[in-house]
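Engineer: Next one to model:
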Amino acid sequence: MERTDIELMIQYQNGDEEAFNQLYTRHKGKVYGYIFKKTGNEEMTAEIFQDVFHKLHINKMKFDAKREFLPWLFVLCHHLIIDHIRKSRVKFEDLPENLVAEADTFISVKENEEVSKLSDSEQAILSLKFDQGYDYNEISQELGISNAGARKTFSRAITKLKKALGGHHE
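Structural biologist: As a prediction, the model looks like this:
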């Protein structure tokens, strides 16, 4: 019987390096594809890809087994992409236009502390919906959840943000 991502993370937290190898093998394609879709740059993607699994290793004890693993991993990816852009010496005009707009949008949203109060799943779905332009079918496939689950989580996140921000949005 194949172990779930959560089981593998718990085992990895307890020192089982093989559990990490299985997580890496299982999700490396999705992670690389996600990063490349956002950056459009193979060199940048390779750097961030390496950072994601390094950051996973460093933060393995911060993973809460009550949460879903894949949305947590995609939030980690997204934050590293934004961090990489912020730290990069590359001029913004040299970056793909969609990435600049996305970075500007996400940075302003990320700075809003209300977004950080959302669950990892809610943050991941908002990122995929707004930053990637994914529809609910694509979100459900990417995160391994049902279409109805993606819709419900998205709706819940939007409701929380509207309530927290006084019902106003730009």
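Engineer: Can you name the residues in contact with the lengthiest helix in the chain?
Structural biologist: Longest helix in the chain by number of residues (criterion: DSSP state H): helix 17-39. Contact with helix 17-39 is made by 3, 5, 7-9, 11-12, 42, 45, 48-49, 52-53, 56-57, 60, 69-70, 73-74, 77-78, 81, 96, 99, 102, 131-132, 142, as judged by CB atoms under 8 Å, 6 or more residues apart in numbering. In short, each C-beta sits where N, CA and C put it, glycine included.
Engineer: could you pull out the helices for this structure?
Structural biologist: Using DSSP H, helices in the chain cover 5-13, 17-39, 42-58, 69-87, 97-111, 113-116, 120-126, 136-143, 147-164.
Engineer: State the mean pLDDT of the first one.
Structural biologist: The one in question is helix 5-13. For helix 5-13, mean pLDDT is 94.
Engineer: Same check on the longest one?
Structural biologist: If you average the pLDDT over helix 17-39, you get 92.
Engineer: Distance of Ile81 relative to Lys37?
Structural biologist: Plainly put, Ile81 is 10 Å away from Lys37 if you go by CB to CB, to the nearest Å.
Engineer: Could you check which of these two is surrounded by more residues?
Structural biologist: Ile81 (25 against 14; other CB atoms under 10 Å).
Engineer: coming back round to it: and the angle for the longest helix of the chain with helix 69-87?
Structural biologist: Relative orientation of helix 17-39 versus helix 69-87 (axes from the mean of the first three to the mean of the last three CA atoms, to 10 degrees): 50 degrees.
Engineer: Ile85: how many residues sit nearby?
Structural biologist: Using other CB under 10 Å: Ile85 sits among 22 other residues.
Engineer: buried sites along stretch 121-137?
Structural biologist: 121-129, 131-132, 134, 136 (16 or more other CB atoms under 10 Å).
Engineer: Buried ones in stretch 15-26, by neighbour count?
Structural biologist: Those would be 19-20, 22-23, for stretch 15-26 by 16+ other CB under 10 Å.
Engineer: ok, which pair from the buried residues of stretch 121-137 is furthest apart?
Structural biologist: Gln123 and Tyr136 (16.5 Å; CB to CB).
Engineer: quick one: low-confidence ranges for the protein?
Structural biologist: The model of the chain has pLDDT under 70 over residues 88-114, 165-170.
Engineer: Apply 50 and report the result again.
Structural biologist: 91, 107, 109-111, 168-170 (pLDDT under 50).
Engineer: any idea how far Leu8 is from Asp83?
Structural biologist: Asp83 is 26 Å from Leu8, by CB to CB.
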